[in-house]
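1. Sequence below, structure please.
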Amino acid sequence: MPSAERERPADIVAGFLAALAIVGGCIAVAYRPVPIGVFSIFVGLVAAGMSGRHERLAAAAVAVAAAGFLAGMIIAVITNHALW
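-> Numbers count the residues shown, from 1 in each chain. The predicted structure is shown next:
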């Protein structure tokens with residue numbers, strides 16, 4: 001690959017962080033939404049700040065993490081499960 005087409009290391013890390021935020025947002029729906037959801041949103045925001053090339057993935061990660069947090073909170077309150 002020519003050096004102009006290669007990804008920077010920060011872009012690669014941002015992609016992995018965005019994927020981690022998406023997975024965390026999905027897990028927050030089923031298990032302990034407050035710590036996992038807040039952490040996932042934070043990781044997604046860090047990925048969005050780092051990323052130059054994966055902007056859409058990072059935006060999707062923040063959206064999925066926030067939706068997972070909200071859905072997890074709703075489900076936990078309705079079913080009387082622990083939030084922490």
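
2. Can you show me the strands along the chain?
-> For the chain, no strands are identified by DSSP state E.

3. any low-confidence regions in it?
-> Applying pLDDT under 70 to the chain picks out residues 1-5.

4. Which positions within stretch 53-64 qualify as buried?
-> Across stretch 53-64, burial judged by 16 or more other C-beta atoms under 10 Å covers 54, 57, 58, 60, 61, 62, 64. Any C-beta I mention is one placed from the backbone N, CA and C, and that applies to glycine too.

5. If we only consider the residues you listed, which is nearest to residue 26?
-> Checking those against residue 26 by C-beta to C-beta gives residue 64 as the nearest, at 7.2 Å.

6. What separation do you get for that closest one and residue 7?
-> Residue 64 sits 22 Å away from residue 7, going by C-beta to C-beta, to the nearest Å.

7. Was I right to think residue 24 contacts residue 62?
-> No - at 11.4 Å, residue 24 and residue 62 do not qualify as touching, with contact defined as C-beta atoms under 8 Å.

8. So which residue is smack in the middle of the protein?
-> Nearest to the mean C-alpha position of the chain, counting by C-alpha atoms, centre = their mean, stands residue 21 at 2.0 Å.

9. Stretch 45-64: end-to-end distance?
-> 12 Å (C-alpha to C-alpha, to the nearest Å).

10. Other residues contacting it?
-> By C-beta atoms under 8 Å, 6 or more residues apart in numbering, the surrounding residues in contact with stretch 45-64 are 7-8, 10-11, 13-15, 17-19, 21-22, 25-26, 41, 43-44.

11. which of the residues you listed are buried?
-> Among those, those classed as buried by 16+ other C-beta under 10 Å are 13, 14, 15, 17, 18, 21, 22, 25, 26, 41, 43, 44.

12. All good on my end, thank you.
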